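Chemist: Pasting the sequence and the predicted model now:
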Amino acid sequence: MRRYLFYVSQPYSYAILRPLQAAIRKRGDEVAWLIIGCTAKPLRPDEKRIVSFREARDWAPDAVFCPGDWVPFFLPGIKVKVFHGLPINKRGHKPEKQSHFRIRGWFDLYCTMAETDTRRYQKLADDYRHFAVVKTGWPKLDAILADNPQGAVPAPHALPTVFYASTFSDTVTSAPHLVDTIRRMRDSGEWRFIVTLHPKMPEAVVAEYRALANEHLTFIESDHDFVPFMSQADVMLCDTSSILFEFMFLDTPVVTLRTNMPGPYLLDVKTPDEVEPALRRALVRPPELMENMRRFADELHEFRDGHSSERVLDAVERFMDNPPPLKRKPLNLLRKLRVALRLRREAAFQRQLDQSGV
(Lines give C-alpha, C1' and ligand atoms only; values in the text may rest on other atoms or scores of the structure.)
Protein backbone atom coordinates (compact mmCIF):
# COMPACT_ATOMS: atom_id res chain seq x y z
CA MET A 1 0.00 0.00 0.00
CA ARG A 2 1.33 3.40 -0.99
CA ARG A 3 0.74 6.55 1.00
CA TYR A 4 -0.08 9.86 -0.64
CA LEU A 5 -0.22 13.23 1.13
CA PHE A 6 -2.25 16.22 -0.10
CA TYR A 7 -0.80 19.58 0.90
CA VAL A 8 -3.56 22.20 1.06
CA SER A 9 -3.04 25.91 1.67
CA GLN A 10 -6.08 27.34 -0.20
CA PRO A 11 -9.75 26.22 -0.15
CA TYR A 12 -9.80 25.68 -3.93
CA SER A 13 -7.43 22.73 -3.47
CA TYR A 14 -10.22 20.46 -2.19
CA ALA A 15 -12.02 20.33 -5.54
CA ILE A 16 -8.73 19.78 -7.38
CA LEU A 17 -7.54 16.91 -5.21
CA ARG A 18 -10.73 14.96 -4.48
CA PRO A 19 -10.88 13.23 -7.89
CA LEU A 20 -7.27 12.18 -7.29
CA GLN A 21 -8.25 10.85 -3.86
CA ALA A 22 -11.00 8.76 -5.45
CA ALA A 23 -8.52 7.25 -7.91
CA ILE A 24 -6.01 6.51 -5.13
CA ARG A 25 -8.64 4.77 -3.01
CA LYS A 26 -9.79 2.75 -6.01
CA ARG A 27 -6.25 1.35 -6.24
CA GLY A 28 -6.29 0.39 -2.57
CA ASP A 29 -3.78 3.03 -1.49
CA GLU A 30 -3.98 5.52 1.37
CA VAL A 31 -4.53 9.29 1.38
CA ALA A 32 -4.11 11.96 4.04
CA TRP A 33 -4.61 15.73 4.02
CA LEU A 34 -2.18 18.25 5.50
CA ILE A 35 -4.02 21.56 5.77
CA ILE A 36 -1.91 24.57 6.66
CA GLY A 37 -3.11 28.17 6.36
CA CYS A 38 -6.77 27.77 5.39
CA THR A 39 -10.02 26.38 6.67
CA ALA A 40 -10.34 22.66 7.27
CA LYS A 41 -14.15 22.80 7.43
CA PRO A 42 -14.63 21.30 3.93
CA LEU A 43 -12.83 18.13 5.04
CA ARG A 44 -15.25 15.20 5.13
CA PRO A 45 -15.63 12.66 7.96
CA ASP A 46 -14.09 9.89 5.86
CA GLU A 47 -11.03 11.96 4.94
CA LYS A 48 -7.91 11.48 7.04
CA ARG A 49 -6.33 14.68 8.32
CA ILE A 50 -2.75 15.16 9.43
CA VAL A 51 -2.41 18.17 11.71
CA SER A 52 1.31 18.94 11.84
CA PHE A 53 4.51 18.71 9.85
CA ARG A 54 5.92 16.33 12.44
CA GLU A 55 2.97 13.99 12.02
CA ALA A 56 3.36 14.24 8.23
CA ARG A 57 7.02 13.25 8.46
CA ASP A 58 6.17 10.34 10.73
CA TRP A 59 3.41 9.19 8.36
CA ALA A 60 6.14 8.99 5.67
CA PRO A 61 4.22 9.57 2.43
CA ASP A 62 5.55 8.14 -0.83
CA ALA A 63 4.47 11.30 -2.67
CA VAL A 64 3.17 14.76 -1.78
CA PHE A 65 0.67 16.40 -4.16
CA CYS A 66 0.34 20.15 -4.24
CA PRO A 67 -1.86 22.44 -6.41
CA GLY A 68 0.14 25.52 -5.37
CA ASP A 69 3.47 27.00 -6.37
CA TRP A 70 5.48 25.65 -3.46
CA VAL A 71 5.44 22.70 -1.10
CA PRO A 72 7.09 21.90 2.26
CA PHE A 73 10.47 20.74 0.97
CA PHE A 74 11.37 18.80 4.12
CA LEU A 75 8.55 16.27 3.89
CA PRO A 76 9.31 12.71 2.70
CA GLY A 77 8.25 11.54 -0.74
CA ILE A 78 8.48 12.90 -4.24
CA LYS A 79 6.84 16.29 -4.73
CA VAL A 80 4.18 16.40 -7.44
CA LYS A 81 2.73 19.59 -8.89
CA VAL A 82 -0.84 19.27 -10.15
CA PHE A 83 -1.51 23.03 -10.57
CA HIS A 84 -4.26 25.25 -9.17
CA GLY A 85 -5.76 26.20 -12.53
CA LEU A 86 -5.58 25.85 -16.26
CA PRO A 87 -2.44 27.32 -17.92
CA ILE A 88 -3.86 30.76 -18.62
CA ASN A 89 -1.78 33.88 -19.21
CA LYS A 90 -3.75 36.58 -17.37
CA ARG A 91 -1.37 39.46 -17.93
CA GLY A 92 -0.12 39.08 -21.48
CA HIS A 93 3.38 38.01 -20.42
CA LYS A 94 5.63 35.88 -22.54
CA PRO A 95 5.76 32.27 -21.30
CA GLU A 96 9.17 32.67 -19.69
CA LYS A 97 7.83 35.62 -17.65
CA GLN A 98 4.62 33.93 -16.46
CA SER A 99 4.49 32.74 -12.87
CA HIS A 100 2.79 29.60 -14.18
CA PHE A 101 6.09 28.61 -15.81
CA ARG A 102 8.46 29.81 -13.08
CA ILE A 103 10.66 27.04 -11.74
CA ARG A 104 11.37 27.43 -8.03
CA GLY A 105 13.09 24.13 -7.38
CA TRP A 106 10.43 22.48 -5.21
CA PHE A 107 8.94 19.76 -7.40
CA ASP A 108 10.16 16.45 -8.80
CA LEU A 109 7.27 15.89 -11.22
CA TYR A 110 5.04 18.30 -13.13
CA CYS A 111 1.72 16.91 -14.39
CA THR A 112 0.69 19.00 -17.39
CA MET A 113 -2.55 19.33 -19.35
CA ALA A 114 -1.96 19.82 -23.08
CA GLU A 115 0.74 19.90 -25.71
CA THR A 116 1.36 23.64 -25.34
CA ASP A 117 2.16 23.70 -21.62
CA THR A 118 3.88 20.29 -21.79
CA ARG A 119 6.25 21.54 -24.48
CA ARG A 120 7.15 24.62 -22.44
CA TYR A 121 7.74 22.65 -19.26
CA GLN A 122 9.73 20.00 -21.09
CA LYS A 123 12.06 22.68 -22.42
CA LEU A 124 12.54 23.92 -18.87
CA ALA A 125 13.09 20.36 -17.68
CA ASP A 126 15.78 19.90 -20.33
CA ASP A 127 17.47 23.10 -19.13
CA TYR A 128 17.25 22.49 -15.36
CA ARG A 129 17.45 18.67 -15.42
CA HIS A 130 16.16 18.25 -11.84
CA PHE A 131 12.48 17.47 -12.54
CA ALA A 132 10.36 15.41 -14.93
CA VAL A 133 7.27 16.35 -16.96
CA VAL A 134 4.35 14.11 -17.95
CA LYS A 135 1.19 15.14 -19.81
CA THR A 136 -1.63 13.74 -17.70
CA GLY A 137 -4.49 16.23 -17.59
CA TRP A 138 -5.87 18.03 -14.55
CA PRO A 139 -7.65 16.04 -11.79
CA LYS A 140 -10.29 18.71 -11.17
CA LEU A 141 -11.63 18.31 -14.68
CA ASP A 142 -12.53 14.71 -13.89
CA ALA A 143 -15.16 15.96 -11.45
CA ILE A 144 -16.35 18.71 -13.81
CA LEU A 145 -16.82 16.27 -16.69
CA ALA A 146 -18.44 13.60 -14.54
CA ASP A 147 -21.85 15.30 -14.75
CA ASN A 148 -21.54 16.07 -18.45
CA PRO A 149 -19.01 13.79 -20.16
CA GLN A 150 -20.14 14.60 -23.71
CA GLY A 151 -20.44 18.35 -23.16
CA ALA A 152 -24.16 18.17 -23.92
CA VAL A 153 -26.29 21.29 -24.06
CA PRO A 154 -27.80 21.89 -20.60
CA ALA A 155 -31.47 21.00 -20.28
CA PRO A 156 -33.64 24.13 -20.35
CA HIS A 157 -34.58 25.53 -16.96
CA ALA A 158 -37.68 27.42 -15.94
CA LEU A 159 -35.41 30.47 -15.84
CA PRO A 160 -32.05 30.88 -17.63
CA THR A 161 -29.34 30.18 -15.05
CA VAL A 162 -26.22 32.36 -14.82
CA PHE A 163 -23.20 31.15 -12.87
CA TYR A 164 -21.28 34.22 -11.71
CA ALA A 165 -17.73 34.05 -10.33
CA SER A 166 -15.23 36.81 -9.76
CA THR A 167 -11.56 37.10 -8.90
CA PHE A 168 -10.40 39.38 -6.08
CA SER A 169 -7.73 41.70 -7.53
CA ASP A 170 -8.80 45.34 -7.47
CA THR A 171 -7.60 45.91 -11.02
CA VAL A 172 -9.66 43.15 -12.64
CA THR A 173 -12.51 42.15 -10.34
CA SER A 174 -16.03 42.83 -11.56
CA ALA A 175 -17.77 42.04 -8.26
CA PRO A 176 -18.09 45.61 -6.87
CA HIS A 177 -19.39 46.82 -10.25
CA LEU A 178 -22.04 44.15 -10.83
CA VAL A 179 -23.89 44.05 -7.51
CA ASP A 180 -26.63 46.40 -8.72
CA THR A 181 -26.87 44.71 -12.12
CA ILE A 182 -27.25 41.26 -10.62
CA ARG A 183 -29.73 42.53 -8.03
CA ARG A 184 -31.86 44.13 -10.76
CA MET A 185 -31.77 41.00 -12.94
CA ARG A 186 -32.61 38.80 -9.96
CA ASP A 187 -35.56 41.01 -9.04
CA SER A 188 -36.88 40.99 -12.62
CA GLY A 189 -37.98 37.38 -12.19
CA GLU A 190 -36.44 36.52 -15.57
CA TRP A 191 -33.13 35.09 -14.35
CA ARG A 192 -31.67 32.69 -11.82
CA PHE A 193 -28.13 33.18 -10.47
CA ILE A 194 -25.51 30.99 -8.81
CA VAL A 195 -22.75 33.13 -7.28
CA THR A 196 -19.36 32.35 -5.79
CA LEU A 197 -16.46 34.69 -5.06
CA HIS A 198 -12.72 34.26 -4.61
CA PRO A 199 -11.57 33.38 -1.06
CA LYS A 200 -9.55 36.60 -0.95
CA MET A 201 -12.45 38.84 -1.94
CA PRO A 202 -12.94 41.71 0.57
CA GLU A 203 -15.53 40.72 3.14
CA ALA A 204 -17.61 43.85 2.47
CA VAL A 205 -18.14 42.76 -1.13
CA VAL A 206 -18.85 39.17 -0.08
CA ALA A 207 -21.48 40.41 2.38
CA GLU A 208 -23.30 42.33 -0.36
CA TYR A 209 -23.64 39.24 -2.51
CA ARG A 210 -24.46 36.98 0.40
CA ALA A 211 -27.37 39.30 1.21
CA LEU A 212 -28.75 38.83 -2.31
CA ALA A 213 -29.48 35.14 -1.74
CA ASN A 214 -33.12 34.16 -2.25
CA GLU A 215 -35.14 31.75 -4.41
CA HIS A 216 -33.58 33.30 -7.54
CA LEU A 217 -29.99 33.54 -6.32
CA THR A 218 -27.88 30.83 -4.71
CA PHE A 219 -24.75 32.06 -2.94
CA ILE A 220 -21.90 29.54 -2.51
CA GLU A 221 -19.37 30.31 0.20
CA SER A 222 -15.74 30.29 -0.97
CA ASP A 223 -14.86 27.26 1.14
CA HIS A 224 -17.64 25.17 -0.44
CA ASP A 225 -17.26 23.07 -3.57
CA PHE A 226 -19.03 24.76 -6.47
CA VAL A 227 -18.32 21.98 -8.99
CA PRO A 228 -21.68 20.22 -8.38
CA PHE A 229 -23.43 23.47 -9.38
CA MET A 230 -21.54 24.03 -12.62
CA SER A 231 -23.68 21.79 -14.80
CA GLN A 232 -26.78 23.80 -13.80
CA ALA A 233 -25.54 26.88 -15.65
CA ASP A 234 -26.86 27.94 -19.05
CA VAL A 235 -24.27 30.73 -19.27
CA MET A 236 -21.24 31.83 -17.26
CA LEU A 237 -20.52 35.44 -16.17
CA CYS A 238 -17.02 36.34 -15.04
CA ASP A 239 -14.07 38.74 -15.34
CA THR A 240 -10.46 37.48 -15.30
CA SER A 241 -10.82 34.40 -13.14
CA SER A 242 -9.53 31.22 -14.77
CA ILE A 243 -12.75 29.54 -13.59
CA LEU A 244 -14.37 30.81 -16.77
CA PHE A 245 -12.29 28.38 -18.82
CA GLU A 246 -13.43 25.45 -16.69
CA PHE A 247 -17.01 26.14 -17.82
CA MET A 248 -15.99 25.87 -21.45
CA PHE A 249 -15.45 22.12 -20.95
CA LEU A 250 -19.17 21.88 -20.18
CA ASP A 251 -19.91 23.69 -23.46
CA THR A 252 -21.21 26.65 -21.45
CA PRO A 253 -20.83 30.04 -23.21
CA VAL A 254 -19.07 32.78 -21.25
CA VAL A 255 -19.66 36.51 -20.86
CA THR A 256 -17.04 38.71 -19.18
CA LEU A 257 -16.79 42.27 -17.95
CA ARG A 258 -13.50 43.90 -18.97
CA THR A 259 -11.50 40.69 -18.95
CA ASN A 260 -7.72 40.62 -19.31
CA MET A 261 -8.09 37.44 -21.38
CA PRO A 262 -10.26 38.49 -24.35
CA GLY A 263 -10.66 36.37 -27.43
CA PRO A 264 -13.19 34.98 -29.90
CA TYR A 265 -14.00 32.22 -27.40
CA LEU A 266 -16.07 34.54 -25.14
CA LEU A 267 -18.22 37.67 -25.19
CA ASP A 268 -16.53 40.58 -23.42
CA VAL A 269 -18.31 43.83 -22.55
CA LYS A 270 -17.02 47.09 -21.15
CA THR A 271 -19.88 48.34 -18.96
CA PRO A 272 -22.39 46.73 -16.58
CA ASP A 273 -25.25 47.97 -18.79
CA GLU A 274 -24.01 45.66 -21.56
CA VAL A 275 -24.00 42.54 -19.39
CA GLU A 276 -27.66 41.50 -19.71
CA PRO A 277 -27.82 41.89 -23.52
CA ALA A 278 -24.59 39.89 -23.80
CA LEU A 279 -26.01 37.12 -21.59
CA ARG A 280 -29.09 36.95 -23.81
CA ARG A 281 -26.89 36.67 -26.88
CA ALA A 282 -24.82 33.93 -25.24
CA LEU A 283 -27.97 31.94 -24.47
CA VAL A 284 -28.56 31.62 -28.22
CA ARG A 285 -25.18 29.82 -28.41
CA PRO A 286 -23.88 31.51 -31.60
CA PRO A 287 -22.17 28.78 -33.69
CA GLU A 288 -18.96 30.73 -34.30
CA LEU A 289 -18.60 31.57 -30.60
CA MET A 290 -19.18 27.96 -29.59
CA GLU A 291 -16.72 26.57 -32.12
CA ASN A 292 -14.02 29.04 -31.07
CA MET A 293 -14.67 28.16 -27.44
CA ARG A 294 -14.35 24.41 -28.04
CA ARG A 295 -11.17 24.82 -30.06
CA PHE A 296 -9.55 26.98 -27.38
CA ALA A 297 -10.57 24.60 -24.58
CA ASP A 298 -8.86 21.75 -26.43
CA GLU A 299 -5.66 23.81 -26.57
CA LEU A 300 -5.78 24.21 -22.78
CA HIS A 301 -6.59 20.61 -21.89
CA GLU A 302 -6.47 17.76 -24.38
CA PHE A 303 -8.33 15.14 -22.38
CA ARG A 304 -12.13 14.88 -22.21
CA ASP A 305 -12.33 11.31 -20.90
CA GLY A 306 -12.50 12.14 -17.17
CA HIS A 307 -9.47 9.96 -16.36
CA SER A 308 -6.76 12.54 -15.71
CA SER A 309 -6.41 11.44 -12.08
CA GLU A 310 -5.55 7.92 -13.19
CA ARG A 311 -2.92 9.27 -15.57
CA VAL A 312 -1.41 11.35 -12.75
CA LEU A 313 -1.14 8.27 -10.56
CA ASP A 314 0.34 6.24 -13.41
CA ALA A 315 3.01 8.92 -13.89
CA VAL A 316 3.80 9.01 -10.16
CA GLU A 317 4.06 5.24 -9.94
CA ARG A 318 6.39 5.10 -12.95
CA PHE A 319 8.52 7.82 -11.40
CA MET A 320 8.80 5.92 -8.12
CA ASP A 321 9.35 2.49 -9.70
CA ASN A 322 11.88 3.70 -12.27
CA PRO A 323 13.31 7.03 -11.12
CA PRO A 324 14.58 9.12 -14.05
CA PRO A 325 18.24 10.21 -14.02
CA LEU A 326 17.74 13.68 -12.58
CA LYS A 327 20.18 16.09 -11.01
CA ARG A 328 19.76 17.04 -7.37
CA LYS A 329 17.45 19.97 -6.85
CA PRO A 330 19.23 23.26 -6.07
CA LEU A 331 19.99 24.00 -2.43
CA ASN A 332 17.95 27.21 -2.45
CA LEU A 333 19.03 27.99 1.10
CA LEU A 334 17.64 31.52 1.22
CA ARG A 335 14.38 30.48 -0.44
CA LYS A 336 14.04 27.53 1.92
CA LEU A 337 14.54 29.81 4.91
CA ARG A 338 11.81 32.12 3.66
CA VAL A 339 9.46 29.21 3.08
CA ALA A 340 10.23 27.73 6.51
CA LEU A 341 9.38 31.06 8.16
CA ARG A 342 6.21 31.35 6.13
CA LEU A 343 5.18 27.81 7.02
CA ARG A 344 5.79 28.54 10.68
CA ARG A 345 3.47 31.55 10.51
CA GLU A 346 0.81 29.62 8.59
CA ALA A 347 0.98 26.69 11.01
CA ALA A 348 0.35 29.09 13.88
CA PHE A 349 -2.53 30.64 11.93
CA GLN A 350 -3.90 27.14 11.30
CA ARG A 351 -3.95 26.39 15.00
CA GLN A 352 -5.97 29.56 15.55
CA LEU A 353 -8.43 28.57 12.81
CA ASP A 354 -8.86 25.11 14.29
CA GLN A 355 -9.35 26.45 17.80
CA SER A 356 -11.97 28.93 16.61
CA GLY A 357 -13.77 26.31 14.53
CA VAL A 358 -13.43 28.37 11.35
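Modeler: Yep, it's here.

Chemist: quick one, helices of this structure?
Modeler: 13-26, 53-59, 115-128, 139-146, 175-187, 203-210, 227-230, 243-248, 275-283, 287-300, 308-321, 333-356 (DSSP state H).

Chemist: okay if I get the ones you listed as TSV plus mean pLDDT and mean neighbour count?
Modeler: Placement of C-beta: from N, CA and C, glycine included. Converted to TSV, the helices of the chain look like this (pLDDT from 0 to 100; neighbours: other C-beta atoms under 10 Å):
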stretch	mean pLDDT	mean neighbour count
helix 13-26	97	22
helix 53-59	97	14
helix 115-128	95	16
helix 139-146	95	22
helix 175-187	98	17
helix 203-210	97	14
helix 227-230	94	18
helix 243-248	95	24
helix 275-283	98	18
helix 287-300	96	16
helix 308-321	98	19
helix 333-356	91	13
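
Chemist: closest one to Val71 among those?
Modeler: Nearest to Val71 among these is helix 333-356; the distance by C-beta to C-beta comes to 8.9 Å.

Chemist: what does the closest one contact?
Modeler: Helix 333-356 has contacts (C-beta atoms under 8 Å, 6 or more residues apart in numbering) with 9, 35-40, 51-53, 70, 72-74, 104-105.

Chemist: Equivalent analysis for stretch 207-225, please.
Modeler: Residues outside stretch 207-225 that contact it (C-beta under 8 Å, 6+ apart) are 11, 14-15, 18, 38-39, 41-42, 159, 175, 179, 182-183, 186-187, 189, 191-199, 201, 206, 226, 229.

Chemist: go on, stretch 20-32?
Modeler: 1-6, 47-50, 56, 59, 61, 65, 82, 139, 309-310, 312-313.

Chemist: can you check stretch 192-201 too?
Modeler: Outside of stretch 192-201, the residues within contact range by C-beta under 8 Å, 6+ apart are 10-12, 38, 157-168, 173, 175, 182, 185-186, 205-206, 209, 212, 216-224, 226, 229, 232-233, 241.

Chemist: try 7 Å this time
Modeler: Residues outside stretch 192-201 that contact it (C-beta atoms under 7 Å, 6 or more residues apart in numbering) are 10-11, 157, 159, 161-168, 175, 182, 186, 206, 209, 216-220, 222, 226, 229, 232-233, 241.

Chemist: Buried ones among those?
Modeler: Buried members of the contacts of stretch 192-201, counted by 16 or more other C-beta atoms under 10 Å: 10-11, 161-168, 175, 182, 186, 206, 209, 216-220, 222, 226, 229, 232-233, 241.

Chemist: Next one: the residue of the chain most remote from its centre, what pLDDT does it get?
Modeler: Going by C-alpha atoms, centre = their mean, the residue of the chain most distant from its centre is Ser188, 32.6 Å out. pLDDT for Ser188: 97.
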